[in-house]
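Q: Whatever this is, show me its structure:
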Amino acid sequence: MWLGVVQALLGAWTVLLVGLLTRRMPQHAGTARVAGLVAAALLALWPGQILGTAVIMSEGLATPLFVTGTALLIWRRNPSTVLVGAAGAIFGTLAYVRYSAVPLLALAAPVAAIGPSAPIRAAQWNRERFLLLGSFALGCSLAMTPWIALYHAGNNGFFPADSAAYNLCIGNYDGANGRFDPSAKPCESEESTAGALNAETRRWILGNLDQQPRLIIQRLNETMKEDNYAAASYPTPNHQMLFPEGERHWLLEAADRWWRWAVVVSLVGLAVGLVTRGRMFRRFALLAIATLIGALTSTGTPRYHDALVPAMAIWSATALVDGSHWIALQLVAARNSRIWTARKIQPSGAGSTGRGGGPQPIGAIGPELAGDEVAADRRAGFVLAYAPHQGAAPVSQHP
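A: Here you go, the predicted structure:
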């Protein structure tokens, strides 16, 4: 019971932080709040977030740790050494909770040192930058040292074993679960050196680089599918209470549809952000790179959702809200152009004129109609100021 309560609190905290982080994105005026609500809703409705794994030292803890550490790094444009050190401690804990997230340390350290809004120049690497980097490293070290000592005492090692090399080969050796392409050259070994890519795996990857783009997509597909099935079949009290054994098939279908849609939309939002955000986009480079590296390192086992899913929710919401706002602006601009063309005042004697032969003022078409049109223009957020000469452009004024 207490495990379910803690997991629910961690999930609620993650959803709240994702919504707040999305509001910090450089949105158009008036859309930040909507984008935050959309991102929070996307994450809250993710089937894996609803079910979870009920394992505290797993995704249920690693995901909120990643989101919290990211928030500390990018919440302020110039974070203090205390905030950066706290973020380092959180990322250090994350690296030991979910050791496949160790690459995030290399991503977060430059963000902590350079600053989320500072120019990336060699001249900027002054004493302050090194102080921030040292604070981040100190926080990581203090958080990881007790865990490393405890693990060494019980297992005669300094870090948990990782199966990254084995995962990179999954789908490429004969008999693998979820093998992607039977025609692909199989790995000669089904096991790899724990903790790193061994030489055999590296040789296989380098010798088959042309197959990697396709396999990356298929690995991500397999990762999400396996995680959805694992989450739905895990025998926890939460699952038994919410979803009986015979009623989980619809959840698996919903999970597959959700992540396929979220991946596409989030990558669109990521591309739009890279093109349009400019300098302010650097504040969210950690989330952007985490989205990409999540796809690259999701290699057949559901181990990288800690960073991938929250980042996908943020970029999906940004793409949806900013895209909808841009379309609305284009529609209003097109309507504005049509209205102005229809009302354009022509010189005396040319074209259609009023009964007096001169330019026909707005009032000549009827005060009721003119009033309705002006009211409609005000509701659209602008008032057209008509120039007295031909060819003048309308002036948009906000009331």
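Q: what packs against the helix or strand that contains L329?
A: Under the criterion of DSSP states H and E, L329 resides in helix 305-343. Secondary-structure packing of helix 305-343 (3 or more CB pairs under 8 Å, 6 or more residues apart in numbering; DSSP states H and E): helix 2-23, helix 32-44, helix 47-51, helix 59-74, helix 249-276, helix 285-297, strand 383-385. Any C-beta I mention is one placed from the backbone N, CA and C, and that applies to glycine too.
Q: buried set for the fourth one?
A: Of the residues in helix 59-74, 59-74 count as buried by neighbour count, 16 or more other CB atoms under 10 Å.
Q: so which of those residues would you say is closest to L104?
A: F66 (6.9 Å; CB to CB).
Q: Can you list the low-confidence ranges for the chain?
A: Within the chain, the ranges that satisfy pLDDT under 70 run 1-7, 26-29, 46-60, 98-101, 103, 113-126, 151-205, 212-260, 262-308, 343-399.
Q: try 50 this time
A: 53-58, 118-123, 161-198, 234-241, 278-280, 295-304, 346, 348-399 (pLDDT under 50).
Q: what domains does the record give for it?
A: When the chain is parsed with automatic domain parsing, its domains come out as 2-325, 362-399.
Q: give me the number of residues near L206?
A: A count of nearby residues for L206, using other CB atoms under 10 Å, gives 9.
Q: Contacts only, for it.
A: If a contact means CB atoms under 8 Å, 6 or more residues apart in numbering, then L206 has no contacts.
Q: Pull up the gap between it and A106, please.
A: Separation of L206 from A106 (CB to CB, to the nearest Å): 21 Å.
Q: swap in A62?
A: 17 Å.
Q: Same question for I314.
A: 21 Å.
Q: And for L320?
A: Taking CB to CB as the measure, L320 falls 31 Å from A106.
Q: Those two: which has the busier surroundings?
A: L320 (19 against 10).
Q: Quick check: the gap between the nearest residue in space to that one that is not next to it in sequence and T63.
A: Among residues not flanking L320 along the chain, V38 sits closest, at 6.0 Å (CB to CB, 6 or more residues apart in numbering). With distances taken as CB to CB, V38 is found 19 Å from T63.
Q: just L45 next, same as before
A: Counting by CB to CB, the separation of L45 from T63 is 15 Å.
Q: Then L104?
A: From L104 to T63 the distance is 12 Å (CB to CB).
Q: Same check on P146?
A: 22 Å.
Q: Over to A87?
A: For A87, the distance to T63 equals 16 Å [CB to CB].
Q: same check, this time on S135
A: Distance from S135 to T63, by CB to CB: 24 Å.
Q: again, but for S324
A: Distance check for S324 against T63: by CB to CB, it reads 27 Å.
Q: go on, M312?
A: According to CB to CB, M312 and T63 sit 12 Å apart.
Q: what does G323 give?
A: Distance from G323 to T63, by CB to CB: 26 Å.
Q: list the contacts for A87?
A: 69-70, 72-73, 79, 108, 112, 136, 139.
Q: Name the nearest residue to it, sequence neighbours excluded.
A: Using CB to CB, 6+ apart, the closest residue to A87 is L72 (3.9 Å).
Q: pretty sure the one you found contacts P79?
A: Yes - the pair L72 / P79 is scored as a contact, 7.0 Å apart, by CB atoms under 8 Å.
Q: how many neighbours does W13 have?
A: If we define neighbours as other CB under 10 Å, then W13 has 14 of them.
Q: tell me the contacts of it?
A: Counting by CB under 8 Å, 6+ apart, the residues that W13 touches are 64, 68.
Q: Count the neighbours of the nearest residue to A44 once chain neighbours are set aside for me.
A: In space, and not counting its chain neighbours, A44 is closest to V15: 4.8 Å by CB to CB, 6+ apart. Neighbourhood size, V15 [other CB under 10 Å]: 23.
Q: cool, and the one 5 residues further on?
A: Residue crowding around L20 was assessed by other CB under 10 Å; the count is 15.
Q: What's the local residue count around L150?
A: Close neighbours of L150, defined as other CB under 10 Å, add up to 11.
Q: before we move on, what SS does it have?
A: The three-state assignment at L150 reads helix, by DSSP: H, G, I helix; E, B strand; the rest coil.
Q: Kindly report the same for M25.
A: Secondary structure state of M25, per three-state DSSP, is coil.
Q: Do I have it right that it meets A313?
A: No - under the criterion of CB under 8 Å, M25 is not in contact with A313, lying 11.9 Å apart.
Q: Please say which of the two ends up with more neighbours.
A: A313 (30 against 25).
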